[in-house]
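Engineer: Mind folding the following:
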Amino acid sequence: MIDHPDSNSAEVLAQMRVSRRDFLKFCTLMAGTLALPASMVPKIAYALETAKRPPVVWLEYQDCAGCTESFLRANQPTAAELVLDILSVNYHETIMAPSGKRADKSLEDTVREGGYLVVVEGAIPTKDDGVYCCVGGRTALDLLQEIAGHATAVITVGACAFYGGWPATTPNPTEAKGVKDVIFGVPIINLPGCPMNVDNFTATLVHYLTFGKLPATDDLGRPLFAYGRRIHDNCERRGHFDAGEFVKEWGDEGHRKGWCLYQMGCKGPVAFHNCPTIRWNQGTSWPVAAGHGCIACASPGFWETGAYETTPIFDATPPTAFPGVMLNGEAVPLVSAGVGVAVGVAAGVIGTLAVEKLTKKQEE
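Structural biologist: Numbering: from 1, shown residues only. Take a look at the predicted model:
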């Protein structure tokens with residue numbers, strides 16, 4: 001980490017010996033992730049070069065530390081490491097060097113100065129005044145309410161901080177809740193997932209530094225750039241869905257050929273996330289590409305939903321640019337996928353050819 005919290009990003013670049021070329025590549029990547037035009041790259045670059053490093057308080061409560069693990073793996077491109085140093089992470093129990101009273105002092109000094117961002121990982125227990133999660137003799141509920149009350153904004157990372165996650169799963173013995181249920185009067189943006197994708201976290205910070213505000217969100221407080229598109233509409237297996245080609249059993253011929261996983265419980269048609277486009281582990285892969293259906297981990301209550309239970313589809317718009325597949329030697333047009341959805345819901349998932357037949361029958 002850079003030693004001086006008052007350093008701006010240009011000084012950080014110099015210390016890290018990051019080339020101008022790599023830095024601009026990073027800015028271009030961030031513009032793409034944020035769904036901004038290429039003309040915004042210079043503005044992002046200028047903001048990152050001149051912005052002061054915002055202090056960050058990272059709080060961990062009922063969690064598995066998965067989002068911290070994701071945070072520590074922010075390394076694509078090389079300049080993405082810069083973001084970890086653009087931030088002045090003044091308090092993070094898992095990775096900070098100080099401990100005990102020195103750690104407490106880091107937190108107290110940051111809260112006293114104000115103007116910081118709070119990142120919350122993990123659910124907050126509320127039963128019996130929150131005694132089921134304590135740090136330094138104080139409950140998570142008490143600490144969060146005090147710290148968030150002086151913050152510029154709160155960023156929740158992961159499913160647990162979003163709505164309660166697995167700690168809130170029935171029977172929820174500690175009455176665990178998400179941040180939005182215990183904190184009020186402070187801007188909150190949610191980056192759910194299990195864990196959250198660090199590229200979305202990085203992009204949220206870049207947006208904040210560039211425009212001085214958090215990105216636009218949906219009705220669940222999730223940034224639209226990351227959660228504004230349905231997984232189904234960007235999935236590389238979507239063409240097989242439209243052709244009626246589904247995996248029936250794990251390891252069958254369709255599974256080996258990369259067919260659609262909907263009948264194996266994939267929640268892609270009802271889940272909103274950018275996993276298919278930014279992927280994981282430096283853009284290497286994502287669950288569906290690896291052969292497992294989406295479990296909708298960015299949706300409220302996903303732990304209560306059977307991972308292998310088929311979810312009804314009430315809307316199935318076709319993608320705008322993803323290629324289709326060949327069926328019986330002919331290309332299957334994706335535009336017909338959105339036709340006859342009401343009929344398709346009643347019968348489960350039907351392929352494009354079946355939709356066309358049913359539609360023709362309706363017209364007659």
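Engineer: Tell me how many other residues crowd His255.
Structural biologist: Neighbour count for His255, taken as other C-beta atoms under 10 Å: 16. From N, CA and C alone the C-beta is placed, and that goes for glycine too.
Engineer: Low-confidence regions, the chain specifically.
Structural biologist: Within the chain, the stretches with pLDDT under 70 are 1-18, 75-86, 314-364.
Engineer: How is Tyr132 classified with respect to secondary structure?
Structural biologist: Three-state assignment for Tyr132 (DSSP: H, G, I helix; E, B strand; the rest coil): coil.
Engineer: My guess is it contacts Thr174. True?
Structural biologist: Yes. Contact criterion C-beta atoms under 8 Å: Tyr132 and Thr174 qualify, at 4.2 Å.
Engineer: Need the overlap of contacts for these two.
Structural biologist: Residues touching both Tyr132 and Thr174 (C-beta atoms under 8 Å, 6 or more residues apart in numbering) are Gln62, Pro125.
Engineer: Now Thr311: which helix or strand?
Structural biologist: Of the helices and strands defined by DSSP states H and E, none includes Thr311.
Engineer: quick one: it and Gly268, what's the gap?
Structural biologist: Distance of Thr311 to Gly268, computed by C-beta to C-beta, to the nearest Å: 9 Å.
Engineer: Between these two, point out the one with more neighbours.
Structural biologist: Using other C-beta under 10 Å, the more surrounded residue of Thr311 and Gly268 is Gly268, with 29 against 18.
Engineer: residues contacting the more buried one?
Structural biologist: Arg230, Ile231, His232, Cys235, Leu261, Tyr262, Val288, Gly293, Cys294.
Engineer: need the residues you listed in JSON lines with neighbour count, can you?
Structural biologist: What follows is these, written out as JSON lines (neighbours: other C-beta atoms under 10 Å):
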{"residue": "Arg230", "neighbour count": "19"}
{"residue": "Ile231", "neighbour count": "26"}
{"residue": "His232", "neighbour count": "28"}
{"residue": "Cys235", "neighbour count": "25"}
{"residue": "Leu261", "neighbour count": "25"}
{"residue": "Tyr262", "neighbour count": "24"}
{"residue": "Val288", "neighbour count": "22"}
{"residue": "Gly293", "neighbour count": "22"}
{"residue": "Cys294", "neighbour count": "28"}
